[in-house]
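J.: Okay, here's the prediction I keep looking at, along with the sequence it came from:
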Amino acid sequence: MTEIFGALRRAVAPGRRGARTAGSAPAPVRRQHNLFEAAAAFVAASAEDDEERMDEASGWVSPEQLSFGVSELACRALIALARERGESPQTVARELLGLSHA
């Protein structure tokens, strides 16, 4: 899970491969993607360590929108996993991150 956030930071950091600068024209867009599509594609690519797909998905929306989408995806995934396990979201989150029980 922490790898996903590290990948997100790298994807939206200045100077990343394929990054857009303030002076550059945006690439032509074939189809509009919403922030949840971008987040799903980005996280799936991150889990598969596919830098090219991560770069593509991070270009679909603004960095702020991507961050929000990834956060929302994490919350929804945590809730679903907690329900599946019959545990609290806090317990599952701490387990996934390898933290000791509080």
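T.: Arrived safely. A quick note: this is a predicted structure, and the numbers were derived from the prediction, not measured.

J.: Just the buried positions in the helix or strand harbouring L78, please.
T.: Using DSSP states H and E, L78 sits within helix 63-85. Residues of helix 63-85 classed as buried: Q65, L66, S67, G69, V70, L73, A74, L78, A82 (neighbour count, 16 or more other C-beta atoms under 10 Å). The C-beta positions use only the backbone N, C-alpha and C, and glycine is treated the same way.

J.: and the angle from whatever helix or strand comes next after it to helix 63-85?
T.: Downstream of helix 63-85, the next assigned helix or strand under DSSP H and E is helix 89-96. Computed by axes from the mean of the first three to the mean of the last three C-alpha atoms, to 10 degrees, the angle separating helix 89-96 from helix 63-85 equals 100 degrees.

J.: Go through the buried residues of helix 63-85 and name the one nearest A39.
T.: For the buried residues of helix 63-85, the residue nearest A39 by C-beta to C-beta is G69; the value is 2.8 Å.

J.: re the thing from before, give me the packing partners of the helix holding L78, helices and strands only.
T.: Contact here means 3 or more C-beta pairs under 8 Å, 6 or more residues apart in numbering; DSSP states H and E; on that basis helix 63-85 packs against helix 2-12, helix 35-47, helix 89-96.

J.: Worst mean pLDDT among the ones you listed?
T.: Across the helices and strands packed on helix 63-85, helix 2-12 has the smallest mean pLDDT, namely a mean of 61.

J.: Buried ones in stretch 89-102, by neighbour count?
T.: Buried, per 16+ other C-beta under 10 Å, within stretch 89-102: V92, A93.

J.: Now that stretch - C-alpha only, PDB.
T.: Below are the C-alpha coordinates for stretch 89-102, written out as PDB (Å, rounded to 0.1, in the frame of the first residue of the first chain):
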ATOM      1  CA  PRO A  89     -11.100  -0.600   9.000                       C
ATOM      2  CA  GLN A  90      -8.500   0.700  11.500                       C
ATOM      3  CA  THR A  91      -7.400  -2.900  12.300                       C
ATOM      4  CA  VAL A  92      -7.200  -3.800   8.600                       C
ATOM      5  CA  ALA A  93      -5.300  -0.600   7.800                       C
ATOM      6  CA  ARG A  94      -2.800  -1.200  10.500                       C
ATOM      7  CA  GLU A  95      -2.300  -4.800   9.400                       C
ATOM      8  CA  LEU A  96      -1.800  -3.800   5.700                       C
ATOM      9  CA  LEU A  97       0.800  -1.300   6.700                       C
ATOM     10  CA  GLY A  98       2.600  -3.700   9.100                       C
ATOM     11  CA  LEU A  99       1.900  -1.500  12.200                       C
ATOM     12  CA  SER A 100       1.500  -3.000  15.700                       C
ATOM     13  CA  HIS A 101      -1.900  -3.000  17.300                       C
ATOM     14  CA  ALA A 102      -2.700   0.200  19.200                       C
END
